[in-house]
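Q: The following block contains a protein sequence and its predicted model.
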Amino acid sequence: MKTIKTGNEAMAEAMRQINPDVVAAYPITPATEIVMIFSQFVADGLVDTEYIAVESEHSAMSACIGASAAGARVMTSTSSQGLALMYEMLYIAAGLRLPIVIAEVNRALSSPINIHGDHSDTMGARDSGWIQLFSENSQEAYDNIIQAVKIAETAKLPVMVTTDGFIISHCTEVIEMVSDDEVKKFVGAYKPARFLLDIKNPYTLGAIDLQDYYFEHKRQEAEAMRNAGKIILDVAADFDKKFGRKYEFFEKYKLDDAEIAVVCMGSASGTTKVVVDELRSKGIKAGLLKLRVFRPFPYNEIIKELSSVNALAVLDRSDTFSAYSGPLFTEITSSLYTSLNSKLLTLNYIYGLGGRDISTEQIKSVFDDLAKISQTKKVENLINYIGVRE
Amino acid sequence: MANLKELSKKEELFTGGHRLCSGCGAGIVARQVLIACEKPVVIANATGCLEVATTIFPYTAWKVPWFHSAFENAAATIAGIEAAYNALKKKGKITEEINFIAFGGDGGTYDIGLQALSGAMERGHRILYICYNNEAYMNTGIQRSSATPKGANTTTAPSGKRSTGKIQARKDLTAIMVAHNIPYVAQTTLSFHNDLIPKVQKALAVDGPSFMNILQPCRLGWGYPPEDTIRMGRLAADTCIWPIYEVENGLYKLNYKPKEKNPVTEWLKPQNRFKHLFSPGNEEIIKQLQEDVDKNWEKILSNCNT
């Protein structure tokens, strides 16, 4: 069914169709609408979810953790400072292997306070043990949320699905929705192996884990993230078979024979595609790798796709304040190095912080730089900022 | 009134073999609470002595479903567990009646966990939150909390040449909980099992949130011999340092009135943490403590209309 939805509406609709047992959430711009719309679904009896309007995001994630441990299918939504307030609990959700799903709307982190979209919040949680899926538009946000439930429950790891604040969360787009029944059938019933409400088989969860076991448990968690890659692809294949929309770790856009290419995530991918098309019409072999799955980081698969590329620009919508690069650049270049393809000329562009627009002209200038580097074989500035007044 | 003979026949759901200190009151609290439970129970535990000493992986002292996630969120965690229960019950996936209890120490309740506690109480979850209150952060090595009494020597409010220990009086958390207008709030110590156990049963029977503030003498942090834990709780009640009362739907009831109201010095003297108060020049602190206790006792008596 074709319909018009904002990113927030699309995510809330997906949540309605999933009908989770428990949602605990706290409002924060630009994700507020998701919980507003969803609580209306609860009020109108369209879902039979227990909705807990908690007093903070810390308690939202704590309640989600309790509910998930108790054996419920659990979701929440947040953004920015809200996700930051959850950080402590994000690690606990992942460490206890609880399949919670967050509809996360990417937004800048304070200070200075800013309500618009960049990836700083999600990137800050990149090592918390959560699977992270990025969406280019409302359609992908909707599809990713539905897949996230299955991924989380199979991988026994929590998943966050992200959209870019305002750019996706508040813009209407035509999306194709699946019927309620089909979603219900796709996600299936949640049957945890062990849960706290199983009072006949009591168990202790969250015990203190000292030098003699902690390391093994963390190793298992790391292994679960490694195994999650295959699960993500399996769920995507199943989704494609049932609903005819294909998802992988990333989308290759005119990348197969590309000589110059950009890697980015989220809404900037759409803008980049327009530029790639323009350049291709002029006979320039430009391409895009739009990353969908940031955690687990599909480094092997990414490297393989970059074999024909002479010069690569990594676009980061957040900075790390490491005095080096943005987070995506670090991941990509370290993958290239370990694959012994360290000779690929790669440079970093940090863009769009605090929701600043990135234009087709700016992306075009990135490709112009790449074309020059491709010829000179020389990267003059490794780390660059686009669209900022210097 | 709890019949000790009958209670002794019940299965112990909090087992021996845990690593709590000898003479630790937290284990006594947990044991009495579980003995009081008539229905199956799920426990959420804040980070603290009770948590770390009873669940060293792969061992556990709990024969009931037990969960720990972090320090400041026992109330939010148990609220989530209760919500999951309600959801699954509504969907017919679960049929049993289950009670939900959170345990937190005074640090995890009076201080860092206060926000989550207040939120859970305001939202009306059917949960019992128990603060086992040993008046400092005992798990991390006796640091002051907002439950620590004035004049106590702690590692972050130490007595010294220019200090007489903690300067401030303790926060009245029980009153804060009463102000939430929840159906049941109670204050007691582990020294009166026939007060504590019926209170847990009353708390679990109400249709909404309940809170118990249980004074739990800590032999290490308070500095007294391990065998004196029960005696220390009684001294707290007999000196009116820790009034034993309950508030049911806003109505106060005094549950224990000492035959003779003993001076606070009887409670202070056996404890190392107050030793410095008996040095010359510190009489004023003891006087202030006595005044604070008297004032609070009068307030409780007046609230209880006795």
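A: Ah, there it is.
Q: Would you tell me which residues of the stretch 101-250 of chain A are close to chain B?
A: A:196-199, A:202-210, A:213 (Cβ under 8 Å from any Cβ of the partner chain). The C-beta positions use only the backbone N, C-alpha and C, and glycine is treated the same way.
Q: Who wins on neighbours among those residues?
A: Counting neighbours by other Cβ atoms under 10 Å in any protein chain shown, A:Leu196 comes out on top of those with 29 neighbours.
Q: just to revisit the earlier point, among the residues of the stretch 101-250 of chain A next to chain B, which one sits closest to B:Pro217?
A: Of all these, B:Pro217 sits closest to A:Ile208, with 23.6 Å by Cβ to Cβ.
Q: thinking again about what came up before, got CSV for the residues of the stretch 101-250 of chain A next to chain B, with secondary structure and pLDDT too?
A: Below are those laid out as CSV (DSSP: H, G, I helix; E, B strand; the rest coil; pLDDT from 0 to 100):
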residue, secondary structure, pLDDT
A:Leu196, coil, 98
A:Leu197, coil, 98
A:Asp198, coil, 97
A:Ile199, coil, 96
A:Pro202, coil, 97
A:Tyr203, coil, 96
A:Thr204, strand, 98
A:Leu205, strand, 98
A:Gly206, coil, 98
A:Ala207, coil, 97
A:Ile208, strand, 97
A:Asp209, coil, 97
A:Leu210, coil, 96
A:Tyr213, coil, 97
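Q: who's in contact with the helix or strand that contains A:Ile34?
A: When elements are assigned from DSSP states H and E, A:Ile34 belongs to helix A:32-43. For helix A:32-43, the surrounding residues in contact (Cβ atoms under 8 Å, 6 or more residues apart in numbering or on different chains) are A:6, A:8-9, A:11-13, A:15-16, A:23, A:25-27, A:47, A:49, A:51, A:53, A:77, A:103, A:105, A:169-170.
Q: Any regions of the chain where pLDDT drops low?
A: Here I'm looking at chain A. Residue ranges of chain A with pLDDT under 70: A:340-341.
Q: ah, no, chain B please
A: Along chain B, the parts satisfying pLDDT under 70 run over B:1-2.
Q: so what's residue 197 up against?
A: Answering for chain A, as no chain was given. Counting by Cβ under 8 Å, 6+ apart, A:Leu197 has contacts A:70-71, B:42, B:65, B:81, B:84-85, B:88, B:94, B:98.
Q: Can you look at chain B instead?
A: Going by Cβ under 8 Å, 6+ apart, B:Ile197 touches B:2, B:7, B:32, B:35-36.
Q: just A:Ile131 next, same as before
A: By Cβ under 8 Å, 6+ apart, A:Ile131 lies in contact with A:148, A:151-152, A:155, A:157-160, A:225, A:228, A:232, A:293, A:295-296.
Q: likewise B:Ala120?
A: With contact set as Cβ under 8 Å, 6+ apart, B:Ala120 has these partners: A:59, B:75-76, B:78-79, B:127, B:129, B:209.
Q: So which bits of the helix holding A:Ile34 are buried?
A: The neighbour-count check on helix A:32-43 (16 or more other Cβ atoms under 10 Å in any protein chain shown) flags A:32-35, A:37-39, A:41-42 as buried.
Q: For whichever helix or strand comes after it, name the packing helices and strands.
A: Next helix or strand after helix A:32-43 toward the C-terminus (DSSP H and E): strand A:50-53. When contacts are defined as 3 or more Cβ pairs under 8 Å, 6 or more residues apart in numbering or on different chains; DSSP states H and E, strand A:50-53 packs onto strand A:22-25, helix A:32-43, helix A:57-70, helix B:74-90.
Q: With distance to A:Lys252 added, can I get these in TSV?
A: TSV is the format used below for the helices and strands packed on strand A:50-53 (distance: least, Cβ to Cβ, whole Å):
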stretch	distance to A:Lys252
strand A:22-25	35
helix A:32-43	30
helix A:57-70	35
helix B:74-90	41
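Q: So which of those is the most surrounded?
A: helix A:57-70 (a mean of 32; mean count of other Cβ atoms under 10 Å in any protein chain shown).
Q: after it comes which helix or strand?
A: Following helix A:57-70 in sequence order, the next helix or strand is strand A:74-79 (DSSP H and E).
Q: how far out from the middle of the chain is that following strand?
A: Relative to its chain's centre, strand A:74-79 lies at 13 Å (Cα atoms, centre = their mean, to the nearest Å).
Q: Let me see the residues that make contact with it.
A: Residues from elsewhere that reach strand A:74-79, judged by Cβ under 8 Å, 6+ apart: A:11, A:15, A:18, A:20-26, A:28-31, A:34-35, A:38, A:57, A:60-61, A:64, A:67-68, A:86, A:98-107, A:121, A:149, A:165, B:80, B:84.
Q: Sheet-wise, list the partners of it with their directions.
A: Sheet partners assigned to strand A:74-79 using DSSP bridges are listed as strand A:22-25 (parallel), strand A:101-106 (parallel).
Q: The longest one: how far from the chain's middle?
A: Computed by Cα atoms, centre = their mean, the chain-centroid distance of strand A:101-106 equals 8 Å.
Q: Between the two ends of stretch B:254-270, how far is it?
A: The separation between the terminal residues of stretch B:254-270, taken as Cα to Cα, to the nearest Å, is 26 Å.
Q: Where do the helices of chain A begin and end?
A: In chain A, the helices defined using DSSP state H lie at A:7-18, A:32-43, A:57-70, A:80-95, A:120-124, A:138-155, A:180-187, A:214-243, A:268-281, A:299-305, A:327-338, A:360-376.
Q: hey, which of those helices is tucked in deepest?
A: The highest mean neighbour count among these, using mean count of other Cβ under 10 Å, belongs to helix A:57-70: a mean of 32.
Q: Restrict it to CA atoms and write it as PDB.
A: Extracted in PDB, the C-alpha atoms of helix A:57-70 (Å, rounded to 0.1, in the frame of the first residue of the first chain):
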ATOM      1  CA  GLU A  57      15.600   8.300  29.000                       C
ATOM      2  CA  HIS A  58      17.800   6.500  31.600                       C
ATOM      3  CA  SER A  59      14.700   5.000  33.100                       C
ATOM      4  CA  ALA A  60      13.200   4.400  29.600                       C
ATOM      5  CA  MET A  61      16.100   2.100  28.700                       C
ATOM      6  CA  SER A  62      16.100   0.600  32.300                       C
ATOM      7  CA  ALA A  63      12.400  -0.200  32.000                       C
ATOM      8  CA  CYS A  64      13.000  -1.700  28.500                       C
ATOM      9  CA  ILE A  65      15.800  -3.800  29.900                       C
ATOM     10  CA  GLY A  66      13.600  -5.000  32.800                       C
ATOM     11  CA  ALA A  67      10.700  -5.800  30.400                       C
ATOM     12  CA  SER A  68      13.000  -7.500  27.900                       C
ATOM     13  CA  ALA A  69      14.600  -9.600  30.600                       C
ATOM     14  CA  ALA A  70      11.100 -10.500  31.800                       C
END
